[in-house]
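Trainee: quick one: sequence plus predicted model below, questions after.
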Amino acid sequence: MLTETFIRKLLQLKAHYVIAVKPGPEQIVVEIDRLRSRTLRCGVCRGRCRKVHQVEEARRWRDLSLRHLPLVLHYRPRRVRCPHCGVRVEAVPWAQIWVRVTTALARAVSELARHLSWQQTARHFRLDGKSVASIVRRVVAYGLQRRRKGHHYLTVVYDLERGALLWVGEDRTEATLTRFFAPLGQRRSATVRVVCLDMWQAYLKAVQLHAPNAQVLFDRFHLVQHLNRAVEEVRRSAMRRRSGREKIFFKRTRFLLLKNPWNLKTDERERLSPLVRWNTPIVRAYYLKEAFQLFWDYHQPDRAEQHLRRWMHSAMRSRLQPFKDFVRMLRAHLDGVLTWTRLRISNGALEGMNNKIKLVSHRSFGFRTVKNFTAAIYHCCAHLPLPEEC
């Protein structure tokens, strides 16, 4: 009985219990059953399920070895009626859904696979190579997802007139930029005249709330970036519809379409000509891209607005969905875009500062905390005075 209790606590069983432990010459089998008084959970959403649909056939899960014998869990899972997901297999606390090894064994395999080959790892745990490969793939997918979620974003405020770094804040939310305006106070924030930023809605809300007198200007380079993405989406869509031989013309043509015509070399023009020879979606995308670039040359606001509105009308009739999405974004931020003809300010200097910040991170191979990274940015980019005695 002590062995059953030990295994039950080791597996952290609450809605299940250990019936018996059956030692054998090659493995130890642990029989598990369900406590009828406990509510089961859905294997997909992990929500509570009160109704059991049916009982499945017995399944086996491989666990870590006990002494020199492999431990095998034996259980008949239930199919439960989830109010959100429908009929699903219940979630078991010792393994993930549709996985035939326990979480503890998968963790041990993934740690050893970092130091040994997969074949050596499989022999050590008495598994086949496919099982080790499947475990490593799941662990890598989990790690990549967690790493993306664990990204730390910074908000950088830059004085374009003096060319100086003003402030660095953690994250990129409305509350982040609010922390920049808080020390300035209402009176000093009202003296801000121009704010150049990308189309991030959180920043726009913070500027409109705390600097109501500031003229908002959307950065030229970010607009061109969105435009180039629309061209690239059209190119990829056209490439997917072509046959094998026709795809040859599309290979390595991405930057040919995004490059300015006056910067194209002779061989690049020859490679670009087959793409624009026929009246294809790529032709419309290319000419729309070039026609939009004329907007930056206008100095009179009225003529610039007329050109931009005519261009948006043509883009909406082009039957190119990426350009239609780009036009909708322009219409939602039209005032900040048209401000360019009067102010002609961009975040080009800030992009150079961002490259310097990336260099600070790369040469240190990253930082353990955001506070250390922020201190390094101030130290290298803000031109702060150094004390005579540190």
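Mentor: Yep, it's here.
Trainee: check which helix or strand M353 maps to.
Mentor: helix 348-363 (DSSP states H and E).
Trainee: what's the first helix or strand after that helix?
Mentor: Taking DSSP H and E, what comes next after helix 348-363 is helix 370-381.
Trainee: could you list the residues in contact with that following helix?
Mentor: For helix 370-381, contacts defined as CB atoms under 8 Å, 6 or more residues apart in numbering pick out 152, 154, 156, 165, 168, 170, 353, 356-357, 360-361, 364, 367, 384. Just so you know, the C-beta spots here come from the backbone N, C-alpha and C atoms, and that holds for glycine as well.
Trainee: got the CA positions of it in PDB?
Mentor: Output in PDB follows, covering the C-alpha atoms of helix 370-381 (Å, rounded to 0.1, in the frame of the first residue of the first chain):
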ATOM      1  CA  VAL A 370      15.500  44.600 -18.800                       C
ATOM      2  CA  LYS A 371      17.000  47.000 -16.200                       C
ATOM      3  CA  ASN A 372      20.500  46.100 -17.200                       C
ATOM      4  CA  PHE A 373      19.700  46.500 -20.900                       C
ATOM      5  CA  THR A 374      18.100  49.800 -20.300                       C
ATOM      6  CA  ALA A 375      21.100  51.000 -18.300                       C
ATOM      7  CA  ALA A 376      23.400  49.900 -21.100                       C
ATOM      8  CA  ILE A 377      21.300  51.900 -23.700                       C
ATOM      9  CA  TYR A 378      21.400  55.100 -21.600                       C
ATOM     10  CA  HIS A 379      25.200  54.600 -21.000                       C
ATOM     11  CA  CYS A 380      26.000  54.100 -24.700                       C
ATOM     12  CA  CYS A 381      23.500  56.300 -26.500                       C
END
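Trainee: could you give the angle of it to helix 348-363?
Mentor: Interaxial angle, helix 370-381 versus helix 348-363 (axes from the mean of the first three to the mean of the last three CA atoms, to 10 degrees): 120 degrees.
Trainee: give me the mean pLDDT for helix 370-381.
Mentor: Mean pLDDT, computed over helix 370-381, is 86.
Trainee: next one: stretch 158-166
Mentor: Taken as a whole, stretch 158-166 has a mean pLDDT of 85.
Trainee: CA atoms of that stretch as PDB?
Mentor: The C-alpha coordinates for stretch 158-166 follow below in PDB (Å, rounded to 0.1, in the frame of the first residue of the first chain):
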ATOM      1  CA  TYR A 158      14.200  60.400 -29.300                       C
ATOM      2  CA  ASP A 159      14.700  64.200 -29.700                       C
ATOM      3  CA  LEU A 160      14.900  64.600 -33.500                       C
ATOM      4  CA  GLU A 161      15.900  68.300 -33.300                       C
ATOM      5  CA  ARG A 162      18.900  67.800 -31.000                       C
ATOM      6  CA  GLY A 163      19.600  64.200 -32.000                       C
ATOM      7  CA  ALA A 164      19.600  62.900 -28.500                       C
ATOM      8  CA  LEU A 165      18.100  59.900 -26.700                       C
ATOM      9  CA  LEU A 166      15.500  61.100 -24.100                       C
END
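Trainee: which parts of it are buried?
Mentor: Y158, L165 (16 or more other CB atoms under 10 Å).
Trainee: what of stretch 98-116?
Mentor: Result for stretch 98-116 [16+ other CB under 10 Å]: buried residues V99, V101, T102, T103, L105, A106, A108, V109, S110, L112, A113.
Trainee: what residues does it touch?
Mentor: 11, 59-64, 73, 89, 94-96, 121, 124-125, 127, 131-132, 135-136, 138-139.
Trainee: which parts of the stretch 51-200 of the chain are strands?
Mentor: 51-55, 59-66, 69-75, 78-82, 86-89, 154-159, 164-170, 194-197 (DSSP state E, counting those that start in this stretch).
Trainee: leaving out sequence neighbours, find the closest residue to P261.
Mentor: Among residues not flanking P261 along the chain, E290 sits closest, at 6.9 Å (CB to CB, 6 or more residues apart in numbering).
Trainee: count of residues packed around that neighbour?
Mentor: 11 (other CB atoms under 10 Å).
Trainee: just the element for it, please.
Mentor: Using DSSP H and E, the element containing E290 is helix 281-293.
Trainee: still on that earlier bit, buried set for the helix holding M353?
Mentor: For helix 348-363, by 16+ other CB under 10 Å, it's A349, L350, M353, I357.
Trainee: how far away is the last one from T178?
Mentor: Read it as I357. To T178, I357 is 22 Å away according to CB to CB, to the nearest Å.
Trainee: what of the second one?
Mentor: If you measure L350 against T178 using CB to CB, the figure is 20 Å.
Trainee: tell me the mean pLDDT for stretch 232-247?
Mentor: For stretch 232-247, the per-residue pLDDT averages 76.
Trainee: just stretch 261-271 next, same as before
Mentor: 73.
Trainee: same deal with stretch 171-187?
Mentor: 90.
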